[in-house]
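Trainee: how would this look folded up:
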Amino acid sequence: MIQEVPRAEWLKARLALMEKEKALTRMRDDIAAARRALPRVRIEKDYVFDAPSGPKNLADLFDGKTQLIIYHFMLAPGAANPCPSCSFWSEQYDALRVHLPHRDVNLICVSRAPLAEIETVRARMGWRFPWVSSHGSDFNQDFGVTFTEAQAGQALYNFNTQAARAGESPGVSVFARDGEAVFHTYSAFARGLDALNGVYQLLDLTPKGRDEAGLAWPMAWLKLKDQYG
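Mentor: Model (predicted):
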């Protein structure tokens with residue numbers, strides 16, 4: 001039911017909410033500072049990725065920048081379709097990459113599918129952002145987004161806090177480069193990825209919000225962009 005009130009009463013309620021929003025903004029700033037202050041782990045393993053221009057190691061993925069954001073896109077070898085939720089997140093990456101390099105950041109997607117399968121999906125969806133294959137390497141397993149059948153059901157996902165499912169799971173990992181040395185600085189999974197989704201941030205401003213409460217699961221409404229009616 002719509003609650004209709006005079007403008008003055010609405011303004012009073014809005015200002016009360018603004019105090020909470022300001023508190024959240026200040027807390028977000030504090031968390032961002034703590035995130036930047038996290039200690040770093042040197043990457044010792046020599047990961048090799050298959051890219052359209054040829055094999056690349058992790059340092060190559062920085063593309064001349066000193067900071068690297070990798071979105072772990074859920075695309076397993078032989079998958080018939082890309083993951084709808086990862087696609088939902090990735091739709092914005094082409095636009096973001098216009099600005100990120102000017103803050104010394106490269107953004108790239110990594111999937112376990114072979115490069116030819118990645119390129120097929122890229123052409124279908126019309127995406128241009130860099131997307132490489134970790135096929136044949138331990139990269140996905142080492143960074144907590146791919147699990148074996150034997151690992152399914154164990155509390156391994158999201159820093160050992162959630163039951164893992166066999167196959168692919170979503171995540172983001174951040175790296176820094178200092179000369180030839182590469183360091184892991186941050187990773188996030190599950191609801192930790194919410195802030196990366198611009199559509200959800202906009203929906204959160206609306207009266208209906210995400211409007212997912214009555215669905216079988218939160219993103220049951222979501223389709224690939226070429227599958228909406």
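
Trainee: which residues does the closest residue to residue 135 other than its chain neighbours contact?
Mentor: Nearest-residue entry for residue 135: residue 114, 4.9 Å, with adjacent residues in sequence omitted and distances by CB to CB, 6 or more residues apart in numbering. The way it works is simple: take the backbone N, C-alpha and C, and place the C-beta from them, glycine included. Neighbouring residues of residue 114 by CB atoms under 8 Å, 6 or more residues apart in numbering: 50, 77, 133, 135.

Trainee: likewise for residue 41?
Mentor: Here residue 41 is in contact with 183, 184 (criterion: CB under 8 Å, 6+ apart).

Trainee: and residue 173, that's in a strand?
Mentor: Yes: under DSSP: H, G, I helix; E, B strand; the rest coil, residue 173 sits within a strand.

Trainee: wait, doesn't residue 168 sit right on residue 75?
Mentor: Yes: applying CB atoms under 8 Å, one finds residue 168 in contact with residue 75, separated by 7.2 Å.

Trainee: so the two - more neighbours on which side?
Mentor: residue 75 (24 against 21; other CB atoms under 10 Å).

Trainee: what residues are bridge-paired with the closest residue to the more buried one other than its chain neighbours?
Mentor: Closest residue to residue 75 apart from its sequence neighbours, by CB to CB, 6+ apart: residue 111 at 3.9 Å. On the basis of DSSP bridges, residue 111 is bridged to residue 133.

Trainee: list the contacts for residue 111?
Mentor: 72, 73, 74, 75, 76, 118, 131, 132, 133, 134.

Trainee: need phi/psi at the nearest residue in space to residue 92 that is not next to it in sequence.
Mentor: In space, and not counting its chain neighbours, residue 92 is closest to residue 198: 5.2 Å by CB to CB, 6+ apart. The phi and psi values for residue 198, taken as degrees, to the nearest 10, are phi -70, psi -30.

Trainee: try residue 183
Mentor: phi -130, psi 140.

Trainee: the one 4 residues further on now?
Mentor: Backbone geometry at residue 187, expressed as degrees, to the nearest 10, gives phi -150, psi 150.

Trainee: swap in residue 106?
Mentor: Note on residue 106: its backbone torsions stand at phi -110, psi 140 [degrees, to the nearest 10].
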